[in-house]
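*Asks:* what shape does this take:
(chains A and B, ligands or ions: 2)
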Amino acid sequence: MQILRNRFRKDLLVWLILVILIGSGLATAIGYLADSYFGDTVDGLLGGYGEYDFLLTINQELRDSAYKEVKQIISNRFPGSKLKEGVTVAGKANYFLKLDDNFRNRAVFSQFEKEFEQVVGLENVSLITEPKLSLRGMLGNTNEILGEKVSALEEVNFVLTAGSGLDVILKPNANPKRVERKIEDILDKHKVLQIRFPIEKEARELTDLNAGLRQQLEKEFSGQNLQSLNAGQRENLDDLIKTMNQMKKFLLEYATIVRVKIPDDLKMNKSLSLAMAGGDVPLSIGQKISSKTILLSSLQKEEGVLKAIISRGDGAQILNQDVYLIGSSGRVIKKIGKSEVKRPRYLLKKAANETEKVLPQLNSILTNTEEVNQRLLQWLTNYEKGLGKIQGLQQKLTEEQGKLNNFVLSNQEDLKELLEIVTRITDITTRLEETLSKLEFLQQELLGMSSNFKDFERDLERQMVFLTLAGVEDKRLTKLKDSIHTMRQQITGNMDSIISKINRYNPLLNKFRYWNNNLEKLKKVLQVSQSKSIQPEKVEELLNVVTRDINKTINGLDEVERTKLKDRLANLKDNLTKLEGLNLTLVSKQLGRMQQALPNLKDEEITGTIKLLDKYLAGQVLPGEAIYFLVNDDVNKQKLQKEVNNYFNDQKIDQLFTEAGIIKPNIRGELFKILGEVRVTLTALIALIFTALVLLIDQSLVMITMQRMNQESDNRLSRFLNSSYLYGFLLGGLLLSAIFYLSQAKFPYLSLEYIFIIGGLLGVLSANKAVAINPIDESEILAGEALGLNYTEIMHEIVIPNGRPGFLTLLNRKEMIFR
Amino acid sequence: MLMLEVRNLYKSYEKLQVLKGVNFTAQRGETVVIMGPSGCGKSTTIRCINRLTEPDKGQIIYKEQDLLKLEKEELLKVRQEIGFVFQNFNLINRLNVFDNIMLALLKQDLSLEEKRLRVEESLRQVKLMDFAESIPKDLSGGQKQRVGIARSLALQPDLMLLDEPTAALDPILVKEVLDVLEKVTANRTRTLLIVTHEIAFAYKVADRILLMDDGKIVEAGSPKQIFETPNSEIGKKYKDLFEYE
Ligand SMILES: Nc1ncnc2c1ncn2[C@@H]1O[C@H](COP(=O)(O)OP(=O)(O)OP(=O)(O)O)[C@@H](O)[C@H]1O
Ligand SMILES: [Mg+2]
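*Replies:* Ligands and ions are numbered 1, 2, ... in the order given. So this is what the prediction gives:
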């Protein structure tokens, strides 16, 4: 480096120091500014790293009261803790909480959310304490088992189980990376053996299997090395599968089902399919099917009956019940038979269309019942009146009976008296008979109404079922149905007992009619006797007949439980009033909604969806239908798998080993890390740009003169040693790495050696572009040389003053003699 | 007294052999003019003398010392005694006329006042006293070259090397430069080595003319001798040219 033998090296040294100081100062300053700017922003959103323990999110509308309550709880339960308001985003106010050190322990942390359970408006409590590591994806109670080992680690403060994971709270000055590695070691030493069963397996069966298998395995392997995990921890996927299964079931309930008896000798295969005539296009043997033909997709065959759903077309389009066999060419081969078509959705639609009728139905039921009730009561009053009268007459009749028994119709007077009595009795009995006949009629009406009620309830219930199937779950509707149900039970219960009570009148009624008949006859005979001639034998005979059962009959009438009947009727009336009190508009609204909630899908769409679901469900296992074991790494896995296979003999099971857990990237930590990286990267960028600039602007001058001097030399080595490229490389490398070192700038993944090389390359670039950047006047340099000026003087007086303004020109000002 | 002796000077650029053994001398106070066809190596020769161009081999004996053997520092000192006038003036554009000349005196062991006097003296010699404050770009070509000559004169050199001082000037301006040079040579106090194509000027001022061709001095002699009875091919051509003028 010839140039360094020169006095000019002093200038270079001063320049180098100045540039390094300014460069690293500048880079640090800008990095710091960026850091504080972004840092402040993030602090507002997330709190500083490790500054707070919990983030409380409060609904903005309930902010005041919730905040007050939260504050109260904190000052009562966790005195000395700090609550700071953060930003409010999307209607949620955030508060950061720093717990007093006394409370930074497992007991408090694990119960923390519970403390605030009662606060209305507090929507979420999240753990944001740092340093913290989170483990996720731990099946069963893996988190509890491994949690013990993790909490035993030196730098770990305590652990919290969180769902199917573990939050590891580190001691304040712990090194998260180091702990992470240790936890990874623990995780690496364990695997989870999952034993999965085909879909048919039932959960209950599994529990037994699990217990048996566990015993078997624990015998074989030490318990330390192999632990059973409570199976059945639900994961999202399992939930999804369960939902899909539900959906499939629902769709199947809802799809049109065609059942057809299949001849035993018919073997269905891929090239054959089943179809029914659709639209208005009938099918005939040998003909091609049309686009309207309904195609079937078989579900299952049981006892020769094939159950199928529609894969093309819709149940509503089925022309007739005939099912045909179709060949691969699409031609009809033969007719298989008549099918039974069940179209629940179609029925449901119908039912829904009748929804509007349901309401008037209810109304008319109510009014009818009311009317009947009224009439029953009316009847009862009449009946009692009649009964009272009849009882009065009964007395007389009994009195007369004695007379009648030995009655010798001696004179007209006696006859007249008897006739009078009989006439009065028959008047009453006729009315009574009328009344009793009315009762029969009322009974009929009651029976009809009772069945109306039952029908109505059944209709309502059916619609409810369909609605539930359709996913419509309405609390008010359920309530209505329930109250109608109880009401109906009461009403029909009443009615039934009324009807049965009325039934007990029937034999009485017959007897009474018979008696009444005889009375009428007696009356007639007496009338004849009065006008023509007395027929004493006949009168006597009839009188005997009439009086024989009089007591029995009359007493029988009285025996009827009128009070009970009255009570029942009053009850019925009550119930009806209650039923009337129900909000019928609401009922009609709900029923309207039922109609709208009916899914609007064609059968082919349903079948398509079912098939799609099947595709997803294929090979999947329902939650709980797996057994998990936590296995220590010491265990011979092949042996274990063999053991398991032996246990299940030839049953179809899947075995796989999965990770015991994964360490979740700490988003907040990462964010802070990224911010740190942003700072160092920004610093690095500034350092880089600065270095490039000073190299290009300042050093290009030096490099040009070097290149000029080097032209003369023939010596390869000296040419190399004095090359501006070498100079640029070394200087650039030195400059950039010094600035990086001082400003603590960093590029991800690049160590200082690489930085040196990057700086070097910048130097080489400057050397390459020197002439373009700082063209110098060759003739002036030549003049200086001719005048006997040395290199330094030429640089000071000629080259640098002519260069672009930079640090070198700045420093040169004091060196320059001719300004 | 021998001021300068060039012996067996060789120089090649890459593969191009430019100087193929140049030999000549110059006495103190002598005005030597070098003439020759373009590209024959005149500039190379004159630049080799103060090692603005480094020769491959040979000797440059200046005041009894071989300049090619000098260390860098010693060479720089010698250069301050040798004035060099460039074809393209090579002034420092950012400095005014005065400072351009002062720059030449930068290393001279003189007081500032003495330097100033020298500058003024040399400006007077080239008749540019009124242009001390001017900057080069405001000067005409002739004036620029006169500043170039003044810069050289300020060194009070024993030897002045002038490489085609008028070649970059249009003919009208040539005269003023040649007039100045005539005066400089007039008193024969310093040795001048002038490369020029100006035949009349050479005839007038030269004590001796060296004819160069293809990297060698092919003929040397008084102007009379060269222009009237030349021996070399080149000399004959110059004779024709001289007669034509
Ligand atoms: N730096 C250089 N690199 C390469 N070749 C050069 C260089 N300088 C001069 N030459 C070549 O050397 C030869 C002699 O050049 P030189 O300038 O000495 O000739 P000259 O006699 O002064 O000619 P002119 O009358 O045109 O000035 C020419 O062919 C020229 O192209
Ligand atoms: Mg030349």
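
*Asks:* can you list the domains in the chain?
*Replies:* Since no chain was named, I'll use chain A. A:2-39+A:675-812, A:52-129, A:132-231+A:622-665, A:257-338, A:348-595 (automatic domain parsing).

*Asks:* um, chain B though
*Replies:* Structurally, chain B divides into domains by automatic domain parsing as follows: B:2-81+B:161-244, B:91-156.

*Asks:* if we can go back for a sec, with mean neighbour count added, can I get the domains of chain A in a markdown table?
*Replies:* C-beta: built from backbone N, CA, C; applies to glycine. Conversion of these to a markdown table gives the following (neighbours: other CB atoms under 10 Å in any protein chain shown):
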| stretch | mean neighbour count |
| --- | --- |
| domain A:2-39+A:675-812 | 19 |
| domain A:52-129 | 16 |
| domain A:132-231+A:622-665 | 17 |
| domain A:257-338 | 16 |
| domain A:348-595 | 16 |
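
*Asks:* which residues of chain B score low on pLDDT?
*Replies:* Low-confidence regions of chain B, defined here as pLDDT under 70, do not occur.

*Asks:* quick one: the helices in it?
*Replies:* When secondary structure is read from DSSP state H, chain B shows helices at B:42-49, B:72-79, B:97-104, B:112-125, B:141-154, B:171-186, B:199-205, B:223-228, B:233-244.

*Asks:* for these, give me JSON lines that also has distance to residue B:213 and mean neighbour count.
*Replies:* Output for the helices of chain B, formatted as JSON lines (distance: least, CB to CB, whole Å; neighbours: other CB atoms under 10 Å in any protein chain shown):
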{"stretch": "helix B:42-49", "distance to residue B:213": "10", "mean neighbour count": "22"}
{"stretch": "helix B:72-79", "distance to residue B:213": "29", "mean neighbour count": "15"}
{"stretch": "helix B:97-104", "distance to residue B:213": "34", "mean neighbour count": "25"}
{"stretch": "helix B:112-125", "distance to residue B:213": "34", "mean neighbour count": "16"}
{"stretch": "helix B:141-154", "distance to residue B:213": "27", "mean neighbour count": "26"}
{"stretch": "helix B:171-186", "distance to residue B:213": "24", "mean neighbour count": "17"}
{"stretch": "helix B:199-205", "distance to residue B:213": "16", "mean neighbour count": "18"}
{"stretch": "helix B:223-228", "distance to residue B:213": "13", "mean neighbour count": "18"}
{"stretch": "helix B:233-244", "distance to residue B:213": "5", "mean neighbour count": "15"}
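
*Asks:* of all these, which one is nearest ligand 1?
*Replies:* helix B:42-49 (3.2 Å; CB to the nearest ligand atom).

*Asks:* wondering if the closest one reaches chain A at all.
*Replies:* No: applying CB under 8 Å from any CB of the partner chain, one finds helix B:42-49 out of contact with chain A, separated by at least 8.9 Å.

*Asks:* can you classify residue A:671 by secondary structure?
*Replies:* Judged by DSSP: H, G, I helix; E, B strand; the rest coil, the three-state class of residue A:671 is helix.

*Asks:* the residue of chain A found nearest ligand 1: helix or strand, and which one exactly?
*Replies:* Checking chain A residue by residue against ligand 1 with CB to the nearest ligand atom singles out residue A:711 as nearest, at 7.9 Å. Secondary structure from DSSP states H and E places residue A:711 in helix A:700-712.

*Asks:* give me the helices and strands touching that helix, please.
*Replies:* When contacts are defined as 3 or more CB pairs under 8 Å, 6 or more residues apart in numbering or on different chains; DSSP states H and E, helix A:700-712 packs onto helix A:724-743, helix A:752-773, helix A:778-786, helix A:791-794.

*Asks:* many thanks, we can stop here.
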